[in-house]
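Engineer: below are the sequence and a predicted model for it; my questions follow.
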Amino acid sequence: MKKILSTSITAVAALAVLAGCSATSEAPKKSETPKPSSTVSAAANNVCKDGVLTVTDAASAKKALKQGCDTVYLLTSNVELKLGEVQNLGIEGNGNTVSVASMSSIYVMGKDNTVTFGGKTPDTKGVAEGNSVTAK
């Protein structure tokens, strides 16, 4: 019985010490300011990074679009874009008009998007109703 009691007291004391350690850790100093993450998304700059371009502002993305990119995600509405060859095109917006030299696959969410393409017919399984994808 004495052994169980002393083991229990030791365990409780250990927990108290550990709890005291976590409660007395230093708080950050007020002069320290949080630093921005080093992983800035491609969407923030509208640039092709690692083969992916996320377009949130069509005007600033036109330079990147001229250089081409394997995968392009258009996250805007009511814009007109001309793309070169892309592998994958994703559109999440409404009322966009997009011309693509060629593409392998496309998905389109939203409605009233018009996409024309050159080359072989892409995989269009992900195109929602109310959007059109036609050959040039």
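Structural biologist: The structure has been received and is ready for your questions.
Engineer: buried residues, stretch 88-103. List them.
Structural biologist: 88-91, 93, 96, 98, 100, 103 (16 or more other CB atoms under 10 Å). Heads up, the C-betas are built off the backbone N, CA and C, glycines and all.
Engineer: ditto for stretch 124-136
Structural biologist: Of the residues in stretch 124-136, 127, 131, 133 count as buried by neighbour count, 16+ other CB under 10 Å.
Engineer: show residues contacting that stretch.
Structural biologist: 91, 99, 105-118, 121-122 (CB atoms under 8 Å, 6 or more residues apart in numbering).
Engineer: show me which of the residues you listed are buried.
Structural biologist: Buried among the contacts of stretch 124-136 by 16+ other CB under 10 Å: 91, 106-108, 110, 113, 115, 117, 122.
Engineer: lowest-confidence entry in those?
Structural biologist: Note: of the buried ones among the contacts of stretch 124-136, the lowest pLDDT belongs to residue 110, at 91.
Engineer: tell me who's in contact with residue 110.
Structural biologist: By CB under 8 Å, 6+ apart, the residues touching residue 110 are 77, 91-94, 96, 128, 130-131.
Engineer: and the two most separated of the residues you listed?
Structural biologist: 77 and 128 (14.3 Å; CB to CB).
Engineer: quick one on the thing from earlier: dump the buried residues of stretch 88-103 into TSV; add secondary structure as well.
Structural biologist: Converted to TSV, the buried residues of stretch 88-103 look like this (DSSP: H, G, I helix; E, B strand; the rest coil):
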residue	secondary structure
88	strand
89	strand
90	strand
91	strand
93	coil
96	coil
98	strand
100	strand
103	coil
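Engineer: which two from those residues end up farthest apart in space?
Structural biologist: 93 and 103 (17.1 Å).
Engineer: element containing residue 129?
Structural biologist: Assigned by DSSP states H and E, residue 129 belongs to neither a helix nor a strand.
Engineer: done for today, thanks.
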